[in-house]
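**Q** what's the 3D shape of this:
(chains A and B)
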Amino acid sequence: MAKEEFPLKKVCLICAKGTIEDVYATLVMGNGAVMEGIETKIFFTFFGLDAITKKQMNSLHTGTVGNPAMRMPGGLPFPSILGMLPGVEAGVSAMMKNQMEALDIPPVTEFLEMIEAGGGEIYACKLAMDMFKLKKEDLWEGVKDVLTVGDFYEKCGGLQTQIIFT
Amino acid sequence: MAQKIFAGISVDVNDEGYMTDRSQWTKDIAKEIAKEEGIELTDKHYTLLDYLRERQAKGESLTIRSVGTSGIIDIKGFYQLFPGAPMKKAAKIAGIPKPASCV
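**A** Predicted coordinates:
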């Protein structure tokens, strides 16, 4: 029983995209790990930084163009051309957020606070911050540190540890 | 169905140790399950266990967020009361099924 002998001790998640679904995949997995008592570290980089940038974090969108898995309510295919119309992306994103709220999935800030309350750690990528001209004060207060890739790897060492790129 | 003796009473449990008949639950049983989990129950624990049992009885899903908004305790405090895996441990001690929610 591998499960008994080698339970996960640490999970390091990397989020590089800023759509609702990419960010929430990271947050759900991160919070889930914390709730299992697994040491959890989350590294936000590139567009994933939106999830921890004060200005953007609670107004994330889901892309309505070029997403073949997108469906209309009721299951009919969602024509990409519709997704290009003004307001459609915002409307779809609002719908996604309502659906999540109904399942008790919190807004981004609250979700991050929950992860932090359980001892999870949130980090930002230095290189991406430089690229996007972001400063530490632009980030959510709970961000523990701004790290280089090397710094992050140093924190990801140890047996029974997984690095997950969502 | 597996049986386990807690506080001198035989209770039904599943293979993960969760009680399968909530009506068998007593505070003394909770105390013994908690001991197995390395937790000494306080009044605060019991208040929370009652809250979880109540919600579960109503068929509401148990999420860590709902505990945080219960007014009994904040999420940080919840992690301190049930260190490690709070939702699972609390459910086990409360004599209710393992939470089926991912949040």
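
**Q** does whichever residue of chain A sits closest to chain B sit in a helix or strand, and which one?
**A** Residue of chain A nearest chain B, by C-beta to the nearest C-beta: A:G37 (3.6 Å). From N, CA and C alone the C-beta is placed, and that goes for glycine too. Secondary structure assigned from DSSP states H and E places A:G37 in neither a helix nor a strand.

**Q** The worst-scoring helix or strand of chain A on mean pLDDT: what's the following helix or strand?
**A** Sorting the helices and strands of chain A by mean pLDDT, DSSP states H and E puts helix A:2-5 at the bottom, at a mean of 62. Scanning forward in sequence from helix A:2-5 by DSSP H and E, the next helix or strand is strand A:10-15.

**Q** what helices or strands is that following strand leaning on?
**A** Contact partners of strand A:10-15 among helices and strands, from 3 or more C-beta pairs under 8 Å, 6 or more residues apart in numbering or on different chains; DSSP states H and E: helix A:20-35, strand A:39-44, strand A:161-165.

**Q** Show me what it is in contact with.
**A** A:22-23, A:25-26, A:29-30, A:33, A:38-45, A:48, A:51, A:152, A:155-156, A:158, A:160-166 (C-beta atoms under 8 Å, 6 or more residues apart in numbering or on different chains).

**Q** One more pass at 6 Å, please.
**A** A:26, A:29-30, A:33, A:38-44, A:48, A:156, A:158, A:161-166 (C-beta atoms under 6 Å, 6 or more residues apart in numbering or on different chains).

**Q** Quick check: ChimeraX command selecting the buried ones in those residues.
**A** Listed next is the ChimeraX selection for buried residues among the contacts of strand A:10-15, using 16 or more other C-beta atoms under 10 Å in any protein chain shown:
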select /A:26,29,30,33,38,39,40,41,42,43,44,48,156,161,166
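
**Q** Quick one: name the residues of chain A near chain B.
**A** Within chain A, the positions lying close to chain B (C-beta under 6 Å from any C-beta of the partner chain) are A:28, A:32, A:35-37, A:104-106, A:114, A:117-118.

**Q** and the residue of chain B nearest chain A?
**A** B:G84 (3.6 Å).

**Q** Please tell me I have it right and that residue contacts A:E36.
**A** No. B:G84 is beyond contact range of A:E36, at 8.1 Å (criterion: C-beta atoms under 6 Å).

**Q** what sits against residue 32?
**A** All of this is about chain A. Shown in contact with A:G32 (C-beta under 6 Å, 6+ apart): B:C102.

**Q** oops, I was thinking of chain B
**A** By C-beta under 6 Å, 6+ apart, the residues touching B:E32 are B:6-7.

**Q** just to revisit the earlier point, just so I know, which of the helices and strands packed on strand A:10-15 lies nearest A:K126?
**A** Closest approach to A:K126 among the helices and strands packed on strand A:10-15 is made by strand A:39-44 (10.6 Å; C-beta to C-beta).

**Q** so how far is the closest one off the chain centroid?
**A** 10 Å (C-alpha atoms, centre = their mean, to the nearest Å).
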